[in-house]
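> Model the following, please.
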Amino acid sequence: MTKNYKEYAVYLKALADETRVKIFDMLAGGELCACKILEEFEITQPTLSYHMKILCESGLVTSRKDGVWMKYSLNEKGLATLTNFFEGVRRG
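Below is the predicted model of the structure:
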């Protein structure tokens with residue numbers, strides 16, 4: 001099996017920020033509205049949008065519009081790819 005280091009690097013870059021790591025962890029509990037995510041931080045809505053754009057473009061998070069709100073969830077395929085990478089590293 002060929003490893004896709006470019007894909008791994010994109011995921012790791014997306015998670016190379018404390019705010020995005022926390023958002024990623026929050027989404028492990030299920031889909032969240034942007035308003036709920038924003039409540040956990042002392043940042044502006046545009047700053048949250050910036051972080052969500054990075055997470056979505058990386059492929060780790062998906063989004064959908066629900067009325068006026070955006071809802072976010074983990075992309076299971078991206079999560080599985082990242083998990084497999086780390087499991088492979090651990091096995092050596």
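> Just list the residues touching residue 69, thanks.
Contacts for residue 69 were tallied using Cβ atoms under 8 Å, 6 or more residues apart in numbering; they are 33, 34, 35. For glycine as for every other residue, the C-beta is placed from the backbone atoms N, C-alpha and C.
> who wins for neighbours among these?
residue 34 (18 neighbours; other Cβ atoms under 10 Å).
> which non-adjacent residue is nearest it?
Distances taken as Cβ to Cβ, 6 or more residues apart in numbering place residue 70 nearest to residue 34, at 4.7 Å, with adjacent residues excluded.
> in stretch 69-89, what counts as buried?
Buried residues in stretch 69-89, counted by 16 or more other Cβ atoms under 10 Å: 70, 71, 72, 74, 75, 78, 79, 81, 82, 85.
> then that stretch to CSV, C-alphas only?
Taking C-alpha atoms only, stretch 69-89 is exported to CSV below (Å, rounded to 0.1, in the frame of the first residue of the first chain):
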residue,chain,number,x,y,z
TRP,A,69,-26.4,28.4,10.0
MET,A,70,-23.5,26.2,8.9
LYS,A,71,-23.3,22.8,10.5
TYR,A,72,-20.0,20.9,10.7
SER,A,73,-19.1,17.3,11.3
LEU,A,74,-16.0,15.1,11.0
ASN,A,75,-15.3,13.6,7.6
GLU,A,76,-15.1,9.9,8.5
LYS,A,77,-12.9,9.1,5.5
GLY,A,78,-10.4,11.8,6.4
LEU,A,79,-10.4,10.7,10.0
ALA,A,80,-9.9,7.0,9.0
THR,A,81,-7.0,8.0,6.8
LEU,A,82,-5.3,10.0,9.6
THR,A,83,-6.0,7.2,12.1
ASN,A,84,-4.4,4.6,9.8
PHE,A,85,-1.4,6.8,9.3
PHE,A,86,-0.8,7.1,13.0
GLU,A,87,-1.4,3.4,13.6
GLY,A,88,1.2,2.7,10.9
VAL,A,89,3.7,5.0,12.5
